[in-house]
Structures are given as structure tokens and as C-alpha cells.
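Colleague: Fold the following and give me the result.
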Amino acid sequence: MELTRTPGRRIRRCLDCPADISERGNRATRCVTCAAVAARAALLLSRPRVPRSCKTCGTDISARSNSAIYCASCRIAAYAYPTERKCKNATCATMVQRSGKVYADYCSDACKPRCEADGCDHPRHGPRWCRAHRRQINELGYVKPLAWVWVKRETCLACGDPVPSHLRAGEFCTETCRWYWKKHGGLLPTRFCVHCGDEISLARQPGRRHWNRHKMRRRSHTVKACRRCRQDLSKHGMSVRHLARRDGSACGICAAPVDLTLKAPHPGAPSVDHIFPRARGGDSDPKNLQLAHLRCNILKRDHVLEELLPA
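Modeller: Numbering: from 1, shown residues only. So this is what the prediction gives:
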């Protein structure tokens, strides 16, 4: 920028910066900004200096302000936020990590003091009360027992399964258990298969449509046949129990006794065998059915027993 010379005035520069101070008085030697800085420095130099040393390292800090107690290096370390501090619970030695510039007083809810309300074992959220009782104080002005404080049940009354955490205020894990409990007076009914006589469990059974274990289906309390007998009856018209009562517990292929308590895929489990195979035109008439081991039934395949016997 070119400077224009005013008639009768000469161009003058500031002593500390290249600013033009021609418009100021003839006795001015600095611009307005530099004059203020120089006045401040002169004021600090005119004050009496008290010999002082750093509180940490002992370095002379007389040149710093009168309120300084640390040198520049020690001040950073002295006023820095520590990364962790000890839990306020006297019996806990866990170190609480800093979150930004905020510290938690306790490492977990287990270390926090308990609520002062009668019968409440929840941690405090404030000076005296837990969250729920503090809400009561704000809304009602007094503290009363919570409706769910008396419930501390972790197992279902009906089936004994664990109660989900979001349903701890109740006594049952599902509405089905509640219905069973009220329907049968507190006792789950005991059902027996009308074909084999085995007890039918009314507990939860894994459902195919639900992945959540709390949504598994239950057997109906009116069921009359077990799963094995229903499958055999729907497929062959007779179950292994029927064949055992009619023909005995001997295998129709190897003549060895069949253990009716075994379940598939065990090789010795009972199965229904067609004497004349269905692949050759045989039907599921009771006269064409016999009891056999699962292993023997698989090995027999679509043959007739006479074809397997040595000549």
C-alpha cells in the first residue's frame, strides 16, 4: 500500500512494528497497540519482585505473576486430570476409570450405598433414595413401598424354569404357566399315554417357529398319546407298544428281545417293520406289521425275510 504524504507532516514508523504513526502526535513513538503492550510491560517491571521458587521442582518463578506457584512445566502436570481414582467404597480397591473429565464415585452398583426406604435394597441415585423412591418424593412428597419390592422370585411357580429378567415382578415365566397354575389349582396335571402308558411331559417343548426360549410351546393338557405313538399311529396305524402287547417283545427278524425304552437313532430302538415290504406292494394292515430292531429293519430294506435266510 502506498503512503500519501500529507503536507506539513513527515512519515513516521512505530518502533515495534511497521505501522504508520504520522497521524498521531509528534511525540508519539508507537502505535496504539504497541503502546498498550509497552505500558503493561513497564507496569509489571515496576512492581517489586519477591523471590519465589516452584513448589515441585524448586525453579525460580519470580518473573511470573504473584499468584503462580508452579513453573510452566510443573503446572501442566499439577493441574492435569488423573486417568483413574479409587472407588469410594472403603472395602473396595477397584480403580474407577475417567470418562472425559467426569469420574464415577463407585465402580459398580454393588459398591453404592443402599436406599434408605424400608425394604428397598436398590442402590442410591442421589443423597438418600434410589431412582424409584426419589421419583415418589418428587411426585407425592412422601415414600411408600413399591408394588414389586416383595417379589424376588427367580423361578416360575408352575414349571420351575428361570423367570426372565424383564418379568421378575411376576410369579410366572409365561402367560401359559399362569393359566396352568390357575386352571389346575397350583399343580401341573400329569398325563399318561393311552397306548404305551408312558408319562407325557407338559413342560416346554422346542418350537420350530420360535427361536426365543421364552416362547416355546407347551403340550396341551388334553393330549392323550405321546409323540412316538402318534407318529406310529399316523404312519402305520399301530405303534410299537401295540405290537409288543400283541406279539411279544421279540424282534420279528433276529428273534432277540427288543428294549422298548430305547429311542431312535439307537440301533436297538424298537421300530415297526413291514413283513411284505411296501416297495413290493405291501400295505400297512396290522397282519403285515411286526416289531423289529431299528438296525434289523434298516438291514432288511425291501427284502422278504426268506430271501435273507441262507439256503
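
Colleague: Do me a favour and get the backbone dihedrals for Ser65.
Modeller: When read as degrees, to the nearest 10, the backbone of Ser65 gives phi -60, psi 160.

Colleague: who's Arg191 bridged to?
Modeller: Beta-bridge partners of Arg191, counted by DSSP bridges, are Ile200.

Colleague: Quick check: it vs Ala225, distance?
Modeller: 10 Å (Cβ to Cβ, to the nearest Å). For glycine as for every other residue, the C-beta is placed from the backbone atoms N, C-alpha and C.

Colleague: Arg241: neighbouring residues, count only.
Modeller: Neighbours of Arg241 under the rule other Cβ atoms under 10 Å: 20.

Colleague: For it, which non-adjacent residue is closest in space?
Modeller: The shortest distance from Arg241 to any non-neighbouring residue, by Cβ to Cβ, 6 or more residues apart in numbering, is to Cys196 (3.8 Å).

Colleague: Where does pLDDT dip in the stretch 201-311 of the chain?
Modeller: Scanning the stretch 201-311 of the chain for pLDDT under 70 picks out 201-222, 234, 310-311.

Colleague: Let me see the contact set for Ala117.
Modeller: 129-130, 133, 143, 145 (Cβ atoms under 8 Å, 6 or more residues apart in numbering).

Colleague: tell me the SS of it?
Modeller: coil (DSSP: H, G, I helix; E, B strand; the rest coil).

Colleague: One more: Cys229?
Modeller: Assignment for Cys229 (three-state DSSP): helix.

Colleague: same thing with Val50?
Modeller: Criterion first, three-state DSSP; result for Val50: coil.

Colleague: What strand or helix carries the residue lying closest to it once chain neighbours are set aside?
Modeller: Spatially, and ignoring its direct neighbours in sequence, Val50 is nearest to Ser62 (6.7 Å; Cβ to Cβ, 6+ apart). In this assignment (DSSP states H and E), Ser62 forms part of neither any helix nor any strand.

Colleague: Could you check the pLDDT of the closest residue to Gln97 other than its chain neighbours?
Modeller: Nearest residue to Gln97, sequence neighbours excluded (Cβ to Cβ, 6+ apart): Glu84, at 5.1 Å. Glu84 is assigned 80 on the pLDDT scale.

Colleague: what sits against Glu84?
Modeller: Residues counted as contacts of Glu84 (Cβ under 8 Å, 6+ apart) are 95-98.

Colleague: Buried ones from the contacts of Ala117, can you make that a ChimeraX selection?
Modeller: Burial among the contacts of Ala117 is assessed by 16 or more other Cβ atoms under 10 Å; the matching ChimeraX selection reads:
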select :129,130,133,143
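
Colleague: Mind putting the contacts of Ala117 into a markdown table with distance to Ala35?
Modeller: A markdown table is the format used below for the contacts of Ala117 (distance: Cβ to Cβ, whole Å):
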| residue | distance to Ala35 |
| --- | --- |
| Trp129 | 62 |
| Cys130 | 64 |
| His133 | 65 |
| Val143 | 68 |
| Pro145 | 75 |
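
Colleague: Which of the contacts of Ala117 sits closest to Lys287?
Modeller: Comparing these against Lys287 with Cβ to Cβ picks out Pro145 as the nearest, at 72.3 Å.

Colleague: from memory Ala132 sits against Pro123, does it?
Modeller: No - Ala132 is beyond contact range of Pro123, at 11.4 Å (criterion: Cβ atoms under 8 Å).

Colleague: Understood, closing this out.
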